[in-house]
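Participant: Quick check, what structure comes out for this input:
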Amino acid sequence: MRRLMLVFCALLALPVLAEEPQVLVETSLQPAEGVVVGGTVRLQVDVLVDTWFLQAPQLPILELPGAVVTPPASDSLNLTVTRQGKTFFGLRFSYLIIPQQVQTYSIPALTIAVNPGQASAPMKVQSTAQAFSARQPSGFAAGQAVLVAQAVRLSQQVRYSSTASKVGDTVTREVTLQADGAQSMLLPKTVLGDVDGLKRYAQTPRISPLSDGRGGSSGGQRIDSASYRIEHAGHFNLPALQVRWWDSTANEARTANLPAISFEASANVDYRPPFSITADLQALGQRTRVHLARHWLMLAGGLIALGLLAWLGRPLYQRLRSAWQRRRAQRQARWLASAEYAWQQVPGQLDARPAELTALYLWARRKQQALGLLELPLPAPLAKRLLGFLNARYGREAVQEPALQQCKQSLPELRQGIDQVQPQRPQAHGLRPLNPNSTTIREDRP
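Facilitator: As a prediction, this is how the structure comes out:
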């Protein structure tokens with residue numbers, strides 16, 4: 001019984017001890033040799049597993065300097081192959097490489113993310129590096145763009161705007177280029193040039209891939225067209241066209257040709273040409289000239305110079321204006337803080353009812369650094385009249401008016417007496433007596 005339990009446990013552990021699935025990556029170049037500039041090289045990448053894919057492999061972006069690389073399409077080819085006597089299932093991807101220069105191209109190893117069934121974790125595998133060389137096809141100049149294809153078809157269509165072409169009618173030439181085994185975006189432009197007597201209007205080319213009938217592409221197609229408007233009566237030829245290309249199957253240069261198109265155009269008496277600025281200017285002739293007097297030119301030049309000077313001098317003007325405004329504000333502040341300004345307010349305050357002495361006290365302080373009127377160095381008669389005015393101002397109202405008139409008459413004498421005395425300087429030490437005016441008044445009062 002014990003042996004049977006051991007065997008059963010060993011069978012349960014077999015899935016855990018099973019090996020990881022095997023993943024193979026195979027790469028190849030088609031063709032590997034004889035690659036020409038402008039041809040298509042297919043880098044074929046086969047991703048193989050011996051189980052199954054939980055999700056599609058993730059291939060990296062391939063970039064090759066000097067070549068146009070088209071990444072693999074979303075669809076891929078399913079594979080079932082045998083390797084080393086073992087069956088593998090896989091997917092085939094293809095990079096399309098179109099070399100544009102004569103050189104050797106080295107394709108590095110590609111890191112591919114794979115998530116096979118029964119794997120303990122997603123896996124990353126690398127392909128082998130590849131290389132190929134591209135040469136310039138014989139018969140083409142170095143650096144010349146070359147159309148490389150398996151087969152080329154060149155056709156044209158001509159459409160006339162009327163049955164009998166006349167002046168003013170249009171002729172449209174449409175050229176279709178189809179190339180098997182070539183990329184549509186690399187097909188060369190068919191040059192539809194100018195023709196004397198015809199006004200050419202080129203139209204936007206139409207580029208599209210050629211379908212292989214299975215959802216894929218077998219080549220490319222490009223349609224170039226131009227409309228020609230007939231300017232005058234006569235015989236016209238749209239030139240023959242030629243496209244040189246390289247046959248990748250036969251490895252030789254070939255040429256596709258289109259014949260010239262000839263037609264006649266008759267006069268049209270009812271035709272009026274469309275508006276043309278060039279024709280109008282030629283018809284106007286000398287009238288299109290503009291004459292400007294010299295003084296107008298000088299005036300315009302002066303205005304331009306003044307405008308330029310004003311624009312360049314604007315920062316300097318702003319700085320000077322700011323400085324002037326600061327100096328003006330400083331002068332105004334000094335004037336308001338001066339004794340002269342305070343003196344100009346005295347007559348008005350004395351005429352007020354009741355009379356005000358604020359300006360007079362302010363003038364005394366600014367003029368002689370005096371805190372009171374009686375501190376002014378005045379002659380005795382003038383000081384006595386001032387003291388009388390103060391007693392009357394702050395005493396009985398009946399005597400205020402005569403004292404006020406007497407004070408107003410003494411203002412010129414007061415101003416003249418103070419102007420003759422040097423201003424007092426405040427003491428650098430100590431403080432002034434408290435309420436010195438009141439003390440003085442009491443001492444001088446009879």
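Participant: tell me the SS of the residue lying closest to Ala149 once chain neighbours are set aside?
Facilitator: Among residues not flanking Ala149 along the chain, Ala179 sits closest, at 3.9 Å (C-beta to C-beta, 6 or more residues apart in numbering). Quick note: C-beta positions are derived from backbone N, CA and C, even for glycine. Classification of Ala179 by DSSP: H, G, I helix; E, B strand; the rest coil places it in strand.
Participant: and Ala179, what are its bridge partners?
Facilitator: Counting by DSSP bridges, Ala179 is bridged to Val152, Gly220.
Participant: Tell me which residues touch it, please.
Facilitator: Going by C-beta atoms under 8 Å, 6 or more residues apart in numbering, Ala179 touches Leu147, Ala149, Ala151, Val152, Arg153, Leu187, Gly219, Gly220, Gln221, Trp245.
Participant: What residues does Val152 make contact with?
Facilitator: Neighbours of Val152 in contact, by C-beta under 8 Å, 6+ apart: Leu177, Gln178, Ala179, Asp180, Val243, Trp245, Arg254, Ala256.
Participant: Just the buried ones out of the contacts of Ala179, please.
Facilitator: Buried by 16 or more other C-beta atoms under 10 Å: Leu147, Ala149, Ala151, Val152, Leu187, Gly219, Gly220, Gln221, Trp245, out of the contacts of Ala179.
Participant: need the helices for the stretch 1-150 of the chain, in chain order.
Facilitator: Ranges of helices in the stretch 1-150 of the chain, per DSSP state H, counting those that start in this stretch, are 2-17.
Participant: Any stretches of it with poor pLDDT?
Facilitator: Along the stretch 1-150 of the chain, the parts satisfying pLDDT under 70 run over 1-18.
Participant: mind listing the strands for it?
Facilitator: Ranges of strands in the stretch 1-150 of the chain, per DSSP state E, counting those that start in this stretch, are 23-30, 35-36, 41-49, 53-58, 67-70, 77-83, 86-99, 103-107, 111-116, 123-126, 130-135, 147-149.
Participant: Can you tell me the strand partners of the shortest one and which way each runs?
Facilitator: Strand 35-36 has the following sheet partners, assigned by DSSP bridges: strand 130-135 (parallel).
Participant: Just the residues contacting the partner strand, thanks.
Facilitator: With contact meaning C-beta under 8 Å, 6+ apart, strand 130-135 is reached by 27-29, 32-33, 35-37, 39, 41, 43, 99, 101-107.
Participant: What pairs with the strand or helix carrying Phe263, parallel or antiparallel?
Facilitator: Here Phe263 sits within strand 261-265, counting by DSSP states H and E. Sheet pairing for strand 261-265, assigned by DSSP bridges, gives strand 234-238 (antiparallel).
Participant: export the strand it pairs with as PDB, just CAs?
Facilitator: Output of strand 234-238 as PDB, limited to C-alpha atoms (Å, rounded to 0.1, in the frame of the first residue of the first chain):
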ATOM      1  CA  GLY A 234      -3.300  76.300 -83.900                       C
ATOM      2  CA  HIS A 235      -1.900  72.800 -84.000                       C
ATOM      3  CA  PHE A 236      -0.700  71.400 -80.600                       C
ATOM      4  CA  ASN A 237       1.300  68.300 -79.500                       C
ATOM      5  CA  LEU A 238       1.300  66.800 -76.000                       C
END
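Participant: buried residues in it?
Facilitator: Buried residues in strand 234-238, defined by neighbour count with 16+ other C-beta under 10 Å: Phe236, Leu238.
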